[in-house]
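Enquirer: fold the following.
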Amino acid sequence: MTPSRITIAVGNEPMLVDRAVAETCAAIRALDSNCQRLTILANSDDAGALIRDAMSPNLFGDTTVLAVTGIDAAIDEVDAALRGFIAEPAEHAWLIVTHPGGVKGKNLLDALRAAGGAEIDCKALKKGKATIEFLNHEVRLHKRAMTSDAITALYDAIGHDLRLLVGAIAQLCSDVDHDPIDSNDINSYFIGVAEVAGYTISDAVWEKRSIEALRSLRWAMEASDNVGVPTVMAMASGLRTLVGVGGMATASDLDVAKAIGVPPWKVKTLRQQWAKWSGDQRRLAAAAVALADADGAVKGGVRIGSSLDAEQKLLALERLVMLTAGRPSS
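Expert: Got it, this is the predicted structure:
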């Protein structure tokens, strides 16, 4: 598809804005491999002069891709120069502008739209369903498949950082040979990241998958020297959300999500976890006490003046995971 002479990337998601600019430049380079890209900040002092120079005919007839970023903050000279391009587009120049959305700079934005600018939506994605749908689409762009559990595990592992999520999908699609990519691939790929491993262990603990919890913990111990604190923090976070869900048994998923600060799509999983603990609340209370003790242990020692070595800290962590996730003794 032939790119428009004017392209407008509108939205405040940096990854989508960068992608829109890069893909537009690539489409222009497909027409003219010798074109030069010039990026200009719309609020810089020399921006107006640079835009006018880029629009002026050059001796060698080189094509220029002019990327003007942040036109919401455009100074008067830039506003005038861009309106000059609208009135009389330079045949050798292509214009790409970015705007974060909102009312600031809207008059200039509307003028570029009215001039036939092709608009690309770069709004930040809402957490939860919208991001999951985007990630599924991203996998399909690589002509690969990923299970829904794997997509969810990836989102849980990385969080709502679109650039990291897109990069992780690209790496997984490159490194994993089989289809579909599954949750085991996600766990294996991120096991060396202490914070991510902590949440993998935590999920297994609160779902009472004791064997998997201990296996994940030992893998994490092999891969990283920094396992104790992230794991205890992740388990404590998991316990807080678990209890929060348990205290709102009759509330809607949306109300629960707002109250405990998780995306609505995750509430179903948390309710399933709570179902495994609702009849075992004494053990849940004991787990809270054990977590407090373990927090001190992995940071050095529980009592003032005490100090645990690395092996003692790991032993305390193993005991916490086994006693919390394992079946109670009969």
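
Enquirer: can you tell me how far the nearest residue to residue 290 once chain neighbours are set aside sits from residue 157?
Expert: Leaving aside its sequence neighbours, residue 290 sits nearest to residue 320 (C-beta to C-beta, 6 or more residues apart in numbering; 5.6 Å). Every residue, glycine included, has its C-beta placed from N, CA and C. Note on residue 320: its distance to residue 157, by C-beta to C-beta, to the nearest Å, is 21 Å.

Enquirer: before we move on, what about residue 69?
Expert: For residue 69 relative to residue 157 (C-beta to C-beta), the value is 31 Å.

Enquirer: same check on residue 250?
Expert: 31 Å.

Enquirer: neighbour count: these two, which is higher?
Expert: A count of neighbours by other C-beta atoms under 10 Å puts residue 157 above the other of residue 250 and residue 157, at 20 against 6.

Enquirer: and the more buried one, how far from residue 217?
Expert: 16 Å.

Enquirer: residue 310: how many residues sit nearby?
Expert: Neighbour count of residue 310, defined by other C-beta under 10 Å: 9.

Enquirer: sorry, back to before: return the distance of the helix or strand the residue nearest to residue 290 falls within from the chain's centre.
Expert: Using DSSP states H and E, residue 320 falls within helix 310-325. Distance of helix 310-325 from the chain centroid (C-alpha atoms, centre = their mean, to the nearest Å) equals 31 Å.

Enquirer: in it, what's buried?
Expert: If you call a residue buried by 16 or more other C-beta atoms under 10 Å, then helix 310-325 has these buried ones: 313-314, 316-317, 320-321, 323-325.

Enquirer: now do stretch 207-219
Expert: 207-208, 210, 212-214, 216-217, 219.

Enquirer: next: stretch 169-186.
Expert: For stretch 169-186, the neighbour count (16+ other C-beta under 10 Å) marks 169, 172-173, 176, 181-183, 185-186 as buried.

Enquirer: and that stretch, what's its mean pLDDT?
Expert: Averaged over stretch 169-186, pLDDT sits at 89.

Enquirer: and for stretch 290-309?
Expert: The model assigns stretch 290-309 a mean pLDDT of 68.

Enquirer: what do you get for stretch 26-42?
Expert: Regarding stretch 26-42, the rounded mean pLDDT is 90.

Enquirer: how far does it stretch from start to finish?
Expert: Stretch 26-42 has an end-to-end distance of 22 Å (C-alpha to C-alpha, to the nearest Å).

Enquirer: could you check how far it is from the centre of its chain?
Expert: Relative to its chain's centre, stretch 26-42 lies at 28 Å (C-alpha atoms, centre = their mean).

Enquirer: other residues contacting it?
Expert: Here stretch 26-42 makes contact (C-beta atoms under 8 Å, 6 or more residues apart in numbering) with 1-3, 25, 47, 50-51, 54, 62-75, 78, 94, 97.

Enquirer: just the buried subset of the residues you listed, written out for ChimeraX, thanks.
Expert: In ChimeraX, a selection of the buried entries from those looks like this (16+ other C-beta under 10 Å):
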select :3,25,47,50,51,54,63,64,65,66,67,68,69,70,71,72,74,78,94,97
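
Enquirer: so residue 275 is in which element?
Expert: If you go by DSSP H and E, residue 275 is part of helix 267-277.

Enquirer: okay, buried residues for that helix please.
Expert: Under the neighbour-count criterion of 16+ other C-beta under 10 Å, helix 267-277 has 267, 269-271, 273-274, 277 buried.

Enquirer: tell me where this structure is predicted with low confidence.
Expert: Filtered on pLDDT under 70, the chain yields the residue ranges 1, 58-61, 190-197, 223-226, 300-308, 327-330.

Enquirer: can you give me the strands in it?
Expert: Ranges of strands within the chain are 6-10, 36-41, 64-69, 93-99, 118-121, based on DSSP state E.

Enquirer: quick one: distance of the longest one to the chain centre.
Expert: If you compare the mean C-alpha spot of strand 93-99 with that of the full chain, they lie 26 Å apart, counting by C-alpha atoms, centre = their mean.

Enquirer: just checking, what packs against that strand?
Expert: strand 6-10, helix 14-31, strand 64-69, helix 76-87 (3 or more C-beta pairs under 8 Å, 6 or more residues apart in numbering; DSSP states H and E).

Enquirer: just send those back as a markdown table, with distance to residue 260 too.
Expert: Output for the helices and strands packed on strand 93-99, formatted as a markdown table (distance: least, C-beta to C-beta, whole Å):
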| stretch | distance to residue 260 |
| --- | --- |
| strand 6-10 | 33 |
| helix 14-31 | 27 |
| strand 64-69 | 38 |
| helix 76-87 | 46 |
